[in-house]
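Peer 1: Sequence and computational prediction follow.
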Amino acid sequence: MGPIVPILLFSLVHLTIVVIAAAQEGATDQILIFQEVFDPSQSQLAGMAKMFQFPNFVAEEWPHVLIWDLFVGRAIWLDGLERGINTRFSLLFCNLIGPPGLLIYAATCILSGKGLPSMGFSDLDDDQDINEPTKS
């Protein structure tokens, strides 16, 4: 799938933002509000709306979304190059609204008759160990 260094660098930036935000005054109050997002007895959407009132959360969430868009977009682009599939439309949607771009790419692959995307994973032989490197 190619070098992962850019994704690791973006992940490091994201982690730095999270650590800095967690050290800010009032960070524990924000964590308590964030728990609402995972509490099935409360409105998860209302919890997220409250979180977006905090600049620290917005600063964390933005790189989080960008890393998703870039990681999945990169996987779509590389798979499309390898299999000769046009990725422009899928990449546009991946970067604009995230996961639907991946769904559009999967549909494009199926409609083009090339099957679902491998996204960097190849089928292993039945007798090949999953931890064993693939033969090129």
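Peer 2: That came in fine, so what should we check first?
Peer 1: Measure how buried A106 is and give me the count.
Peer 2: 16 (other Cβ atoms under 10 Å). In this view, the C-beta of every residue, glycine as well, is placed from N, C-alpha and C.
Peer 1: Quick one: distance of the helix or strand containing it to the chain centre.
Peer 2: Assigned by DSSP states H and E, A106 belongs to helix 99-111. In terms of Cα atoms, centre = their mean, to the nearest Å, the centre of helix 99-111 is set 15 Å apart from its chain centre.
Peer 1: Flag every buried residue along that helix.
Peer 2: G101, L102, I104, Y105, A106, T108, C109 (16 or more other Cβ atoms under 10 Å).
Peer 1: now the helix ranked longest in the chain and helix 99-111, what's the angle there?
Peer 2: Longest helix in the chain by number of residues (criterion: DSSP state H): helix 55-83. Computed by axes from the mean of the first three to the mean of the last three Cα atoms, to 10 degrees, the angle separating helix 55-83 from helix 99-111 equals 10 degrees.
Peer 1: so how far is helix 55-83 from its chain's centroid?
Peer 2: On Cα atoms, centre = their mean, the centre of helix 55-83 falls 5 Å from that of its chain.
Peer 1: do stretch 98-116 as well
Peer 2: On Cα atoms, centre = their mean, the centre of stretch 98-116 falls 16 Å from that of its chain.
Peer 1: Tell me, what's the model's pLDDT at K114?
Peer 2: Here, the pLDDT recorded for K114 equals 91.
Peer 1: Appreciated, that's everything.
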